[in-house]
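# here is a sequence with its predicted model. Questions after.
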Amino acid sequence: MSEHVYKMVELVGSSTQSCDDAIRNAIAKAAQTIKHMDWFEVTGTRGHIVDGKVGHWQVTLKVGFRVD
């Protein structure tokens, strides 16, 4: 593996469907402006309860991208 340098950003993705969708939403949105994203790490998961059911997922993640 080459000697890369990375920068990390923290994102919070959300979804009414699932944790997985929340992660994918955050990465897809960030990919519109951040280039060379290589990895992510989930650092937190939380949700909103509506009428005794999961109404909304929020996932906090760190995303690493290569610095040119």
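That came through, no problem. Residues are numbered from 1 along each chain as shown.
# point out where this structure drops to low pLDDT.
For the chain, applying pLDDT under 70 flags the ranges 1.
# apply 90 and report the result again.
Applying pLDDT under 90 to the chain flags residues 1-4, 68.
# now the helices for it?
Counting by DSSP state H, the segments of the chain that form helices are 19-30.
# okay, the residue of the chain most remote from its centre and Gln58: tell me how far apart.
Relative to the C-alpha centroid of the chain, counting by CA atoms, centre = their mean, Asp51 is the outermost residue, at 26.7 Å. As defined by CB to CB, to the nearest Å, Asp51 lies at a distance of 18 Å from Gln58. For the C-beta atoms, the positions are set from N, CA and C on the backbone; glycine is no exception.
# and the strands in this protein?
Ranges of strands within the chain are 6-15, 37-50, 53-66, based on DSSP state E.
# pipe the ones you listed into a markdown table and attach mean neighbour count and distance to Asp21 per row.
Shown next, in a markdown table, are those (neighbours: other CB atoms under 10 Å; distance: least, CB to CB, whole Å):
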| stretch | mean neighbour count | distance to Asp21 |
| --- | --- | --- |
| strand 6-15 | 15 | 4 |
| strand 37-50 | 12 | 12 |
| strand 53-66 | 16 | 7 |
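# including distance to Lys29, could the ones you listed go into a markdown table?
Below are these laid out as a markdown table (distance: least, CB to CB, whole Å):
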| stretch | distance to Lys29 |
| --- | --- |
| strand 6-15 | 8 |
| strand 37-50 | 11 |
| strand 53-66 | 11 |
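# ok, the closest residue in space to Leu11 that isn't next to it in sequence to Ser14 distance?
Among residues not flanking Leu11 along the chain, Ala26 sits closest, at 4.3 Å (CB to CB, 6 or more residues apart in numbering). Here the criterion is CB to CB. By it, Ala26 lies 8 Å from Ser14.
# what does Asp38 give?
Look at Asp38 and Ser14: by CB to CB, they are 23 Å apart.
# isn't His4 right next to Arg66, touching?
Yes. Contact criterion CB atoms under 8 Å: His4 and Arg66 qualify, at 5.1 Å.
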